[in-house]
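Undergrad: Generate a structure from the sequence data that follows.
(one chain, ligands or ions: 1)
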Amino acid sequence: MSYQHNMQPGPRPYLEQRNLDLSALEWKHFQVKRLSPCLGAELIGIDLRKPLDGDTLSEVRNALLKYRVIFFRDQDLSAEQHLAFASAFGELEEHPFIPSDAPESEVIRFDKDEKVPGYENVWHSDVSWREVPSFGSVLRAHIVPEIGGDTLFADMIAAYECLSDEIKASIDGRMAVNDFTQSFGRLLGPEDLARQQAQYPAVEHPLVRTHTETGEKSLYANAAFTSHIVGMSQEESELLLAQIFRESTVPEYQCRFKWEKNSIAFWDNRAVQHYAANDYWPQRRQMDRVTIIGERPV
Ligand code: SIN
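TA: So this is what the prediction gives:
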């Protein structure tokens with residue numbers, strides 16, 4: 001069966017219902033400004049410098065599950081406060097390939113300028129090459145270009161839900177291989193590469209994963225780290241993956257965030273992919289990310 005690019009002209013029932021559901025949400029501890037009908041909301045009225053009380057924290061977590069990516073403005077956090085906020089949602093991970101400029105090794109820094117262009121401009125879900133990939137990422141802007149450097153997010157639950165039943169049946173239950181070598185691996189010499197491959201061998205994850213908290217299904221294959229589909233010829237796998245990767249590029253599944261200094265984005269890697277637009281060179285863009293460990297995808 002051939003897999004056609006899925007977004008057709010005309011209304012998509014899932015998107016219409018999702019917009020209605022998100023419009024009906026009410027929150028006690030913050031106001032929201034949504035970024036698109038499908039996903040993303042700015043949470044207004046919360047100060048992340050202080051620890052959040054239990055009620056507020058569970059409402060923030062619930063907002064993340066509903067909007068799939070949430071944003072905060074004007075959060076002048078120290079590295080400790082950044083870590084404290086993220087660690088309220090789970091155990092933090094250390095990244096073996098992205099350096100930390102902070103004394104805290106769980107804070108990784110993306111520092112781009114005239115000499116170091118951005119390379120995060122490929123749709124991905126963070127660390128899908130790990131056996132246990134991350135649940136969430138909390139990214140904070142320190143230095144932003146005058147114009148450009150937005151981050152785009154794509155809702156992979158919507159992408160899955162808008163597939164035809166026939167296509168869903170053909171991909172449900174399939175496994176795909178995720179591997180760091182085609183991305184970070186390119187930056188390593190042969191010895192380092194072999195050492196890291198021994199520590200982080202290629203892993204199989206379901207092509208369609210089920211969200212452990214909401215039970216929703218999402219497309220879990222990304223252009224940065226997913227190399228092939230298990231049990232298919234290379235040609236078949238390349239064709240199917242190319243088509244699946246295109247789903248993240250559908251504007252109806254996306255929102256786009258314009259950074260300001262001290263903005264924060266918190267996304268759920270189980271539900272969305274992201275893409276950092278690399279259009280600001282040679283201006284500087286400096287961001288810090290703290291990443292929360294998740295669970296093995298099922
Ligand atoms: C990332 O890929 O986690 C970084 C995203 C960004 O810099 O906007």
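Undergrad: ranges for the strands of the stretch 51-200 of the chain?
TA: Under the criterion DSSP state E, counting those that start in this stretch, strands of the stretch 51-200 of the chain are mapped to 69-72, 107-112, 134-143, 151-155, 175-178.
Undergrad: ok, of the ones you listed, where does mean pLDDT dip lowest?
TA: Lowest mean pLDDT within the strands of the stretch 51-200 of the chain: strand 107-112, a mean of 93.
Undergrad: That strand pairs with which strands, parallel or anti?
TA: The strands beside strand 107-112 in its sheet (DSSP bridges) come out as strand 285-293 (antiparallel).
Undergrad: now what about the partner strand, what contacts it?
TA: With contact meaning C-beta atoms under 8 Å, 6 or more residues apart in numbering, strand 285-293 is reached by 79, 82-83, 86-87, 89-93, 95, 98, 102, 106-113, 118, 126-127, 132, 134-145, 149, 259. C-beta here means a position set from N, CA and C on the backbone, and glycine is covered the same way.
Undergrad: how about a cut-off of 7 Å?
TA: Strand 285-293 is touched from outside by 82-83, 86, 89-93, 95, 106-112, 118, 126, 132, 134-145, 149, with contacts defined as C-beta atoms under 7 Å, 6 or more residues apart in numbering.
Undergrad: give me the subset of the residues you listed touching the ligand.
TA: Residues of those in contact with the ligand (C-beta under 6 Å from any ligand atom): 110, 126, 137, 139.
Undergrad: What separation do you get for Asn262 and Ser87?
TA: 20 Å (C-beta to C-beta, to the nearest Å).
Undergrad: Looking at the ones next to the ligand among the contacts of strand 285-293, which is nearest the ligand?
TA: Nearest to the ligand among these is Phe110, at 4.8 Å by C-beta to the nearest ligand atom.
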